[in-house]
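S.K.: A structural model of the following input is requested.
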Amino acid sequence: MKTMKRAGLLALAMLAAGTAARADELVIATTGGLMRNEMEKWFYLPFTEETGTEVIPFDIEVPDQWARAEGMIRTGNVEFDIVTATGPDLVDKAEMLMDIPCDTLENVKEYALPGACQPKGIARTTGGMVLTYNTETYADNPPESWADFWDVETYPGPRGLPDTGDRDWWLPTVALLADGVAKEDLYPLDLDRAYAKLEEIRPHIAVWWKTGNQVQQIMRDNEVAMTMAYSGRALKVIQDGSPFAMAWDGAIRDTGYLAVLKGAPNPEGAMNFINFFYGAADGHPGFIQAVGYATSSTIGLSQLPEDEQKLYATYPANYEVLVDPDFEWIGANRDELRERWTNWLLQ
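M.R.: From the prediction side, this is the model:
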C-alpha cells in the first residue's frame, strides 16, 4: 500500500502522461491539506483494503479542477473519476457529470440524510454559514436568529460579515430572514427588500472578513461580538476555549459534494466508493472530529456523544432549521447577484 506522498506523485505522473486509470485505480480530485489527509486516512485506504482498488488523490483547488476537467472532456481524455463540487457546481456543471443512482446504492439508501443525494452529486461534508456569538457578551440573553443579529438595540456590539465566497447570495438570504421572510419563501430572492435590510446593518459591521482564518482571528481577538462564520471554523474557535457559540436557526447549508465526471475511466469504482463512504461506520466519527464538518451519513454523527453532536450542522435539530438554497435560481441569476453585491459594497 502506497503512502500519501507516493500516491500524490503517482497521480501527477499519470495525469502528465495522459494515461487512463485502470479498473483497479480510482482518481479523486480534491483540495489538499487536512481534508485530503483525513479522507485518505479514514476512507481511501480502508476502501483499498476492502476492494483492492487503489485510490489516487489528486490535490487541486476547485476552480482549477473544473478548468482541467473541461479540457479533459473536450479532448475525450478524462483522467479524474470523482471530483469535488459545490451546490452551484451541480447546476452549472451538470452536463459534465454522471447521474448518481441514489436508489441503487444500498448504503446511500440506508444512511443518507434527506437531500444528501442529488441527481449530479452526493454530500461529502456539510456545515453551515452560521450566526456565531460571544457567550460572555450575551450571557443573559443569547441571540437565536438573524433577526437578533440585526437587533442592535437588544444586542449591542460590533458585527462581522463575509466579503468572500458566495456572499452575494448568502447575505441577501439572511437579510430577508432578518426581515421576517420564512425560509421556505426565500427564493426567488427579493433583492430590493434584501438590500434595504442590509443597509440597516451596514453601519454596525466592524469587519468584512475575507478568509476562514480571518473570521477565526476576529473572534479570538474579540473584534466582534457576533458574526456569520463557517461552522467548522467557528467550531475550532469554540473547541480552543474562546467564549463563542453557534445559533443554527437560519444557517445556510454549506455542502461539499462528491461528483463523477462523464467519461470517467472507472465509473463503477467511483459509485462503489460513494457507497462505501456512506457505510464506513468506523471512519466517520474520527473524520468528523478531525475536519470539523459532519458527513451526511447517519451512521457517522450518531456515534459521537450527544453534546458533541449538537455542534454540527447535521445534528437533527440543527439540520431541520438550515436554509436549503435554491441553486437553480442562484445559478440562473448569478451575474445579477454579483453585480448587485459589488455595486452595493462600493457605495
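S.K.: Okay, helices next: where are they in the stretch 51-200 of the chain?
M.R.: Under the criterion DSSP state H, counting those that start in this stretch, the stretch 51-200 of the chain contains helices at 62-75, 87-92, 106-111, 146-150, 167-178, 191-201.
S.K.: Any idea which of those gets closest to I238?
M.R.: helix 146-150 (18.0 Å; C-beta to C-beta). Bear in mind the C-beta positions are built from the backbone N, C-alpha and C, glycine included.
S.K.: outside of that closest one, which residues touch it?
M.R.: 131, 143, 154-155, 159, 174-175, 177-178, 180, 197, 200-201, 226, 247, 250 (C-beta atoms under 8 Å, 6 or more residues apart in numbering).
S.K.: now do stretch 204-218
M.R.: Applying C-beta under 8 Å, 6+ apart, the external contacts of stretch 204-218 come out as 152, 158-164, 223-224, 227, 229-230, 233-234, 236-237, 345.
S.K.: Pull out the CA atoms of that stretch and give them to me as PDB.
M.R.: Output of stretch 204-218 as PDB, limited to C-alpha atoms (Å, rounded to 0.1, in the frame of the first residue of the first chain):
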ATOM      1  CA  HIS A 204     -22.700  48.100  12.600                       C
ATOM      2  CA  ILE A 205     -20.300  45.800  10.600                       C
ATOM      3  CA  ALA A 206     -16.900  46.200  12.200                       C
ATOM      4  CA  VAL A 207     -15.200  43.700   9.900                       C
ATOM      5  CA  TRP A 208     -15.900  42.500   6.400                       C
ATOM      6  CA  TRP A 209     -13.800  39.300   6.700                       C
ATOM      7  CA  LYS A 210     -12.300  37.600   3.700                       C
ATOM      8  CA  THR A 211     -11.000  34.200   4.800                       C
ATOM      9  CA  GLY A 212     -11.700  31.500   7.200                       C
ATOM     10  CA  ASN A 213      -8.600  32.200   9.100                       C
ATOM     11  CA  GLN A 214      -9.600  35.900   9.400                       C
ATOM     12  CA  VAL A 215     -13.000  35.100  10.800                       C
ATOM     13  CA  GLN A 216     -11.400  32.900  13.500                       C
ATOM     14  CA  GLN A 217      -9.000  35.600  14.400                       C
ATOM     15  CA  ILE A 218     -11.600  38.300  14.800                       C
END
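S.K.: Going by residue numbers, what spans are strands in the protein?
M.R.: Under the criterion DSSP state E, the chain contains strands at 25-30, 54-59, 82-85, 117-118, 121-134, 159-162, 205-209, 226-230, 244-260.
S.K.: With distance to F47 added, can I get those in TSV?
M.R.: Formatted as TSV, the strands of the chain follow (distance: least, C-beta to C-beta, whole Å):
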stretch	distance to F47
strand 25-30	8
strand 54-59	6
strand 82-85	11
strand 117-118	19
strand 121-134	14
strand 159-162	35
strand 205-209	37
strand 226-230	28
strand 244-260	13
